[in-house]
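Engineer: Sequence plus the predicted model coming up.
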Amino acid sequence: MTEAFIYDHVRTPRGKGKADGALYEVTAVKLAKTTLDALRDRNQLDTRLVDDVILGCVDPVGEAGADIARSVALASGYGAEVPGIQINRFCASGLEAVNFAAARVMSGQTDLIVAGGVESMSRVGMGASGGALPVDPMVALPAYFMPQGVAADLIATKYGFSRADCDALAVESQRRAATAWAEGRFARSVVPVRDINGITILGRDEIVRPQTDMQSLAGLQPAFAMMGEMGGFDAICTHAHPDVESVSHVHHAGNSSGIVDGAAAVLVGSAAAGKATGLKPRGRIRAFASIGSDPALMLTGPVDVTQKLLARAGMSMGDIDLIEINEAFSAVVLRFMQAFDVDPAIVNVNGGAIAMGHPLGATGAMILGTALDELERTGKKTALITLCVAAGMGTATIIERV
Amino acid sequence: MTYQNFTLDIDADGIALVTWDMPGKSMNVISIEAMAEIAAIVERVAANPAIKGAVIASAKDTFSGGADLKMLEGLLREFHVSRRADPEAAALRLFEESRKLSLIYRRLETCGKPFVAAIHGTCLGGALELSLACHGRVMADDDKTKIGLPEVKVGIFPGAGGTQRVMRLTDPQSGLMMLLQGQELKAAKAKAMGLVHVTAPRAEIVETARKLLRDGQVPAKQPWDRPDFKQPGGKIYSPAGMQFWPAANAIYRRETADNYPGARAIMMACYEGLQMPMDIALRIESRYFAHVMQTPEAACMIRSLFVSMQDLNKGARRPAGPAPSSLKRIGVIGAGFMGAGIANVSAKAGIEVVLIDRDQEAADKGLAHIARQADDAIAKGRMKPADKDALLARVTASADYGKLADVDLVVEAVFEDRAIKKAVTEAVEAVIPPGCIFASNTSTLPITSLAANSARPDQFIGIHFFSPVEKMMLVEIIMGEKTGEEALARAMDFVKLIRKTPIVVNDARGFFANRCVLAYVREGFLMLDEGISATMVERCAAMAGMPVGPLSLSDEVGLDLSWKILQATKKDLGDGAVDPAQERILSALVVERGRQGRKNAQGFYDYPAAKGAKKQLWPGLVDILGAPRPAEAFDIGELKQRFLVAQALEAARTVEEGVVTDPREADVGSILGFGFAPYTGGTLSYIDAMGARAFVALCDKLAAKYGPRFAPTALLKEMADKRETFYGRFAPTARAA
């Protein structure tokens, strides 16, 4: 079987996903174009060798609609012969794009793919694409649909994580992200978003708050208590998990992922593609999987998919040196660490989405890049990247430094 | 042209008054004949150029109670026969036949002439759907006038445009609540919701409707058939819709546990229909209607909660011999919570009540209870202050048995103590007139044994009320060995007068309802003993459709009382008659820790004193039960099933023992008496719908896993072999006129 290598990866900084965020003025196409341009320019890439552009996007409507991947390829001038496809595995879209790319390379049908993702949460808006899942009773009822924050609170309740546990993880995420930025650990992957004149619009992740401590978080109100009670979703929790007497709402703006804008791109190809482009592989994609999990808990998919993936790859958790698990909510990470009894010291070592934000469709590609950079920085060998996914799914990828 | 059920008169202004007045009936119903005539009237109004518009009104006390649900029975029977040969053709025919009314209403609203409904009294179900199809609605503003779509309460849902028109007239939240709860609305609320256009005094509704038409204020086109129509609350796929519908789905599950196909169909028909123009929306509603009709839940709920309940309320089990009696004055002995409640409901029905207790002070306490209940009702606007005075005037609280000299019936509601009961019986019989019936409200003591204290056991009967009397609609009438027909007839006349639903059972320990309840509660205890958390026990019961969890129910009844009953059972029937695990848990709670339930704010739950504070499961349960095993160790579906099977099996035993003789009574009694999962249609319908074979197999499986309490009985096994049902084998013979 052909092996799939990672030749390079880049990401934009993550801008606050609101009207007062730095990237609000930047279109979704321009965000993604920034990353495709960077891959080409810094690698002197002959883009006509790119067989496809696969971009994850969770709300592919409006300016992000109509196959944004082909739009970006055209805007970046990759060449008329380079197609594009937009995919949606919700929050794991960016990682799934990489996995799809790897699969096509491994199958021998494709040599070189740009895989990544983009989300302008400030401009398109979370949930803008609608969808039957929460609305159509035919889906919402069997899915035990509830907003993700309520599901995160259910996870915390069911598995015994207190508000203090969740806040402590958030404080640590902020500390690690600040350290990573201070030490320049993202220098190789982050490409500034610039205007048409070359003036930098945003060069660093915008929402990191290094001063965050337990006291400052303690003042925040639970974000999903009202929704749980008035919206009836607490009852969905207890009907799906009758052992839960009542849901304790522990998540808030400070221990949940930030809403941000951003894009990422990963260059995935075969060994032959490396020769053709004159590029050296930085990493190897060893194995990947996606899974469906309990839709009510919704965000425990990383546990299920990691079990499946390790078994398929003939590996154990002991073989993993480094873990990136998306910090959608504190409880997601806490449950993952609890389930596998892993050392927090190897998990999200450079902070995560609580500190830097979660541009839905792009995050998977971003944290895969973060993991690869960290393997290179530390000389470690193997990393696991995983994300929880709406509607009860999980996606995971194991990569190795080359 | 003349009609059987309607008259049509055209006035000088060209306005037709269509008066609905079915001959020989106290209330208008939508029957096959009425449907055909409505269709003919619509065509006549449409075709006659002299008619400018039409008013539909009723000549009865009330507009109409809706469709005759028995109409559906024949359709369904035909469907079940013909589906064997050709399922799709059978389904198509059911779909087409069951949407005829909907199509007639659609023709009415698109025929080109304006219709206005003039509504007074009750206007429910298919009758309200007729009104909603009219272009205008005038509603009488008196207290007796109410509109509603109660179909969901009998397992179906409004299938003649109700879901679509309500949701196009009012905001989605109010509309869905009305549909899902089967709410009945008075004029002010209906007007505020936009469901009626004008409210008026009852005497003026027809003239008001006429005037609307005369003044040209009623367009012949419905809002939803106009191009500028805007859905109240916006489209489903809009920001507002994305806020509303996810919560609506959640609240639907919270309120129904997704147990009711009729309720689910409301959600589906609204979601899908609101995205479509009216004709297609109605077709979608019809598809769900035809589907829901086929479900066992609909069939069982219609049978128990509509047909059987009506039959029992009309006295299906009353012996025909004794002439109808009219009670004027009764005595109630014991002015405690039960006695005062019995006195209250009796006085409310216009009966004079002598409320006796051992001294004046105790008797006055009962009177104070009645006054307090009336004050509550007044505060909630359900009673007028003048009615309270009249009510209290009908109750004489006294310690003087002599006041019973001219009563027609005595209900004894004193302590469950044989000696006290004996003394009371003798004291009462010393003064009451010869024809007077003596009824005991005992819940535990066999009537035959109490009748032994009576000098006239043929006039001695059990009338067992449920607590709280004001709220609980079921009454068990218990026949002692010597109880005569006259006593039964009079007891039933009494129950009819106070508007409760009677079931007639033969004498046995626990009669019918309490036996099933004990089996339910015991199952909860045994689950605790297996290591299932108290939270999960309570939740699974709720998800199975029970209104109150077994542990909450134990707290309400009183754990100390449960303990006493357990000890009494042991004494009377031997150690084997009680479950040691249940006894151990009760002993640990009651004897060792003094936890008596709600009465001392300590039971399975802690009851905080602060007003509005919710009860919480007592954390100390772990000390008694040990740490619960993880939820994943148990099959939630099976836990839910165990609660229902335990009760259904007990109900089957009461039939086998001859305690219950009519399956309608076990079904209606189980739903009204202890809230047995109403979507099943009751304890025996639960078995019949599953089939005796499947039920026996399920019992065998549960018995193997959990013990012989689940073992199927001889009768059930025989029924399984012969493929019989309770309704087949014990077919009710008496059907009320």
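Structural biologist: Done, it's in. Residues are numbered from 1 along each chain as shown, chains lettered A, B, ... in the order given.
Engineer: now the residue lying closest to B:Pro324 once chain neighbours are set aside: how far from B:Ser308?
Structural biologist: Nearest non-adjacent residue to B:Pro324, counting by CB to CB, 6 or more residues apart in numbering or on different chains: B:Asp493, 6.4 Å away. The C-beta positions use only the backbone N, C-alpha and C, and glycine is treated the same way. Using CB to CB, to the nearest Å, B:Asp493 is found at 20 Å from B:Ser308.
Engineer: related to what we said a few turns ago, may I have the phi/psi pair for the residue nearest to B:Pro324?
Structural biologist: The phi/psi pair for B:Asp493 (degrees, to the nearest 10) reads phi -60, psi -40.
Engineer: hang on, it packs against B:Leu327?
Structural biologist: Yes - assessed by CB atoms under 8 Å, B:Asp493 is found in contact with B:Leu327 at 6.6 Å.
Engineer: between B:Asp493 and B:Ser308, who's got more neighbours?
Structural biologist: The neighbour count for B:Asp493 versus B:Ser308, taken as other CB atoms under 10 Å in any protein chain shown, is higher for B:Ser308 (27 against 21).
Engineer: Name the nearest residue to the more buried one, sequence neighbours excluded.
Structural biologist: Per CB to CB, 6+ apart, closest to B:Ser308 is B:Arg664, 3.9 Å.
Engineer: Also B:Tyr3?
Structural biologist: That would be B:Glu37: by CB to CB, 6+ apart, it lies 4.6 Å from B:Tyr3.
Engineer: pretty sure the one you found contacts B:Thr2?
Structural biologist: No - with contacts counted by CB under 8 Å, B:Glu37 stays clear of B:Thr2, the gap being 9.9 Å.
Engineer: Just want to know which of those two has more residues nearby.
Structural biologist: Taking other CB under 10 Å, B:Glu37 and B:Thr2 do not tie; B:Glu37 has more neighbours (20 against 7).
Engineer: tell me which element the more buried one is part of?
Structural biologist: Element membership for B:Glu37, per DSSP states H and E: helix B:32-47.
Engineer: Next SSE downstream of that helix?
Structural biologist: Per DSSP H and E, the first helix or strand lying C-terminal to helix B:32-47 is strand B:53-58.
Engineer: From the chain's centroid, how far away is that following strand?
Structural biologist: Relative to its chain's centre, strand B:53-58 lies at 33 Å (CA atoms, centre = their mean, to the nearest Å).
Engineer: That one pairs with which strands, parallel or anti?
Structural biologist: Sheet pairing of strand B:53-58 (DSSP bridges) gives strand B:15-20 (parallel), strand B:115-119 (parallel).
Engineer: ok, and what's touching the first one?
Structural biologist: Looking back up the chat, that one is strand B:15-20. B:5-11, B:28, B:34, B:41, B:45, B:51-60, B:63-64, B:206, B:210, B:213-214 (CB atoms under 8 Å, 6 or more residues apart in numbering or on different chains).
Engineer: Out of the residues you listed, which end up buried?
Structural biologist: Buried subset of the contacts of strand B:15-20 (neighbour count, 16 or more other CB atoms under 10 Å in any protein chain shown): B:5-6, B:8, B:28, B:34, B:41, B:45, B:51-58, B:60, B:63-64, B:206, B:210, B:213-214.
Engineer: Now do the same contact list for the residue nearest to B:Arg456 when sequence neighbours are not counted.
Structural biologist: Nearest non-adjacent residue to B:Arg456, counting by CB to CB, 6+ apart: B:Glu429, 7.2 Å away. With contact taken as CB under 8 Å, 6+ apart, B:Glu429 is in contact with B:Phe438, B:Ser454, B:Ala455, B:Arg456.
Engineer: Determine which two of these are furthest apart.
Structural biologist: B:Phe438 and B:Ala455 (9.8 Å; CB to CB).
Engineer: Looking at those two, which one has more neighbours?
Structural biologist: B:Phe438 (27 against 11).
Engineer: Just say helix, strand or coil for that one.
Structural biologist: Following DSSP: H, G, I helix; E, B strand; the rest coil, we place B:Phe438 in the strand state.
Engineer: show me what contacts it?
Structural biologist: Counting by CB under 8 Å, 6+ apart, B:Phe438 makes contact with B:Leu409, B:Val410, B:Glu412, B:Thr425, B:Val428, B:Glu429, B:Ile432, B:Ser454, B:Arg456, B:Gln459, B:Phe460, B:Ile461.
Engineer: same thing but at 6 Å, please
Structural biologist: B:Phe438 sits next to B:Val410, B:Phe460 when contact means CB atoms under 6 Å, 6 or more residues apart in numbering or on different chains.
Engineer: for B:Ser440, same thing?
Structural biologist: Neighbours of B:Ser440 in contact, by CB under 6 Å, 6+ apart: B:Glu412, B:Leu450, B:Gly462.
Engineer: B:Ala59 now?
Structural biologist: By CB under 6 Å, 6+ apart, B:Ala59 lies in contact with B:Thr19, B:Asp21.
Engineer: closest to B:Ala513 among the contacts of B:Glu429?
Structural biologist: B:Phe438 (21.8 Å).
Engineer: Could you give the bridge partners of the closest one?
Structural biologist: Beta-bridge pairing of B:Phe438 under DSSP bridges involves B:Val410, B:Phe460.
Engineer: Could you say which helix or strand holds A:Ile398?
Structural biologist: A:Ile398 belongs to strand A:393-401 when assigned by DSSP H and E.
Engineer: for that strand, packing partners?
Structural biologist: Packing partners of strand A:393-401 (3 or more CB pairs under 6 Å, 6 or more residues apart in numbering or on different chains; DSSP states H and E): helix A:93-106, strand A:283-292, helix A:301-313, strand A:382-389.
Engineer: just checking, next helix/strand downstream of the first one?
Structural biologist: Put plainly, it is helix A:93-106. Using DSSP H and E, the helix or strand that follows helix A:93-106 in sequence is strand A:112-120.
Engineer: from the chain's centre, how far out does the next helix or strand after that next one sit?
Structural biologist: Sequence order places helix A:137-140 as the next helix or strand after strand A:112-120, per DSSP H and E. Relative to the centre of its chain, helix A:137-140 is centred 27 Å away, using CA atoms, centre = their mean.
Engineer: Stretch B:675-690 now?
Structural biologist: Relative to the centre of its chain, stretch B:675-690 is centred 13 Å away, using CA atoms, centre = their mean.
Engineer: What count of nearby residues applies to residue 306?
Structural biologist: Assuming you mean chain A. Burial of A:Thr306 is recorded as 25 neighbouring residues (other CB under 10 Å).
Engineer: should've been chain B
Structural biologist: Counted with other CB under 10 Å, the neighbours of B:Phe306 add up to 19.
Engineer: Any regions of chain A where pLDDT drops low?
Structural biologist: For chain A, applying pLDDT under 70 flags no range at all.
Engineer: quick one, phi/psi of the residue lying farthest from the centre of it?
Structural biologist: Distance from the C-alpha centroid of chain A, by CA atoms, centre = their mean, peaks at A:Glu245 (32.3 Å). The phi/psi pair for A:Glu245 (degrees, to the nearest 10) reads phi -70, psi -50.
Engineer: got it, and B:Leu617?
Structural biologist: According to degrees, to the nearest 10, B:Leu617 has phi -60, psi 140.
Engineer: From B:Ser308, how far off is it?
Structural biologist: To B:Ser308, B:Leu617 is 37 Å away according to CB to CB.
Engineer: Repeat that for A:Val402.
Structural biologist: Look at A:Val402 and B:Ser308: by CB to CB, they are 76 Å apart.
Engineer: who in chain A is up against chain B?
Structural biologist: Counting by CB under 6 Å from any CB of the partner chain, chain A comes close to chain B at A:130, A:134-137, A:140-141, A:231-233, A:235-236, A:239, A:242-243, A:245.
Engineer: again, only using 7 Å
Structural biologist: Contact residues (CB under 7 Å from any CB of the partner chain) of chain A with chain B: A:127, A:130, A:134-138, A:140-141, A:145-146, A:231-233, A:235-236, A:238-239, A:241-243, A:245.
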